[in-house]
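S.K.: below is the structure, and that's it, no one-letter string:
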């Protein structure tokens, strides 16, 4: 899909495992992954990252917590109570490897990185105005929702519809295109190869 959008000449795309990247040794200035590193083989990935990064190259791994919040007029508290219902309903479908949060996996990877110049950022909140339906769509991308969808598509649809309807009711609006502010809580770590 990316290649079909006529990328600039200096942009190319490839697909490869994180533990076997298609780059020469010392060729990469910045190696980053967003909400993916928790699935990597930590030891193999760190060796591979070290191989492809040039001296002075940076590694940036980030993710977000599952507990996004919503802001809307004076109704944020009620909305976030409903959001918590959504997340709680999905928790039984979360991969046991991840536990209740993938934060520990990222912290373990951070601690395993041998670079002396590194930094852990515990919490960075990003606020983004989105239609309510886009928030629902974001949660539907969670692996726990996808697991529920695969197991029982009707139950997944009922859950999404129920949460959407509760949120609309709490907002006292009828359109799922009504804009809310989604607060995403990121955590990340950065490291610079000596």
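M.R.: That came in fine, so what should we check first? On a predicted model such as this, the values are computed, not experimentally measured, just so you know.
S.K.: so what's the most centrally placed residue in the chain closest to, chain neighbours aside?
M.R.: Against the mean C-alpha coordinate of the chain, by C-alpha atoms, centre = their mean, the closest residue is residue 35 at 3.7 Å. Of all residues not flanking residue 35 in the chain, residue 63 sits nearest, at 4.7 Å (C-beta to C-beta, 6 or more residues apart in numbering). To be clear about C-beta, it is placed using only N, CA and C from the backbone, and glycine gets the same treatment.
S.K.: okay, now the sheet partners of the helix or strand containing that neighbour, with direction.
M.R.: Taking DSSP states H and E as the criterion, residue 63 maps to strand 53-64. Partners of strand 53-64 in the sheet, by DSSP bridges, are strand 28-34 (parallel), strand 179-192 (antiparallel).
S.K.: just the ones you listed: most buried one?
M.R.: Neighbour counts (mean count of other C-beta atoms under 10 Å) averaged over each of the strands paired with strand 53-64 peak at strand 179-192, with a mean of 18.
S.K.: now find how far off-centre the helix ranked longest in the chain is within its chain.
M.R.: Ordering each helix of the chain by length in residues (DSSP state H) puts helix 153-171 first. When C-alpha coordinates are averaged (C-alpha atoms, centre = their mean, to the nearest Å), helix 153-171 and its chain have centres 22 Å apart.
S.K.: contacts for it, please.
M.R.: By C-beta atoms under 8 Å, 6 or more residues apart in numbering, the residues outside helix 153-171 that reach it are 70, 72-73, 75, 78-79, 82-83, 85-86, 89-90, 132-133, 136, 139-140, 145, 148-149, 174-176, 178, 180.
S.K.: could you tell me which residues within it count as buried?
M.R.: For helix 153-171, a neighbour-count test (16 or more other C-beta atoms under 10 Å) marks 156, 159, 160, 163, 164, 166, 167, 170, 171 as buried.
S.K.: mind putting the strands paired with strand 53-64 in CSV, mean pLDDT included?
M.R.: Formatted as CSV, the strands paired with strand 53-64 follow (pLDDT from 0 to 100):
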stretch, mean pLDDT
strand 28-34, 95
strand 179-192, 96
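S.K.: so can I have a markdown table of those showing distance to residue 50?
M.R.: As requested, the strands paired with strand 53-64 are exported to a markdown table (distance: least, C-beta to C-beta, whole Å):
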| stretch | distance to residue 50 |
| --- | --- |
| strand 28-34 | 10 |
| strand 179-192 | 10 |
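S.K.: can you say which of the ones you listed is nearest to residue 96?
M.R.: Residue 96 sits nearest to strand 179-192 of all these, at 20.6 Å, using C-beta to C-beta.
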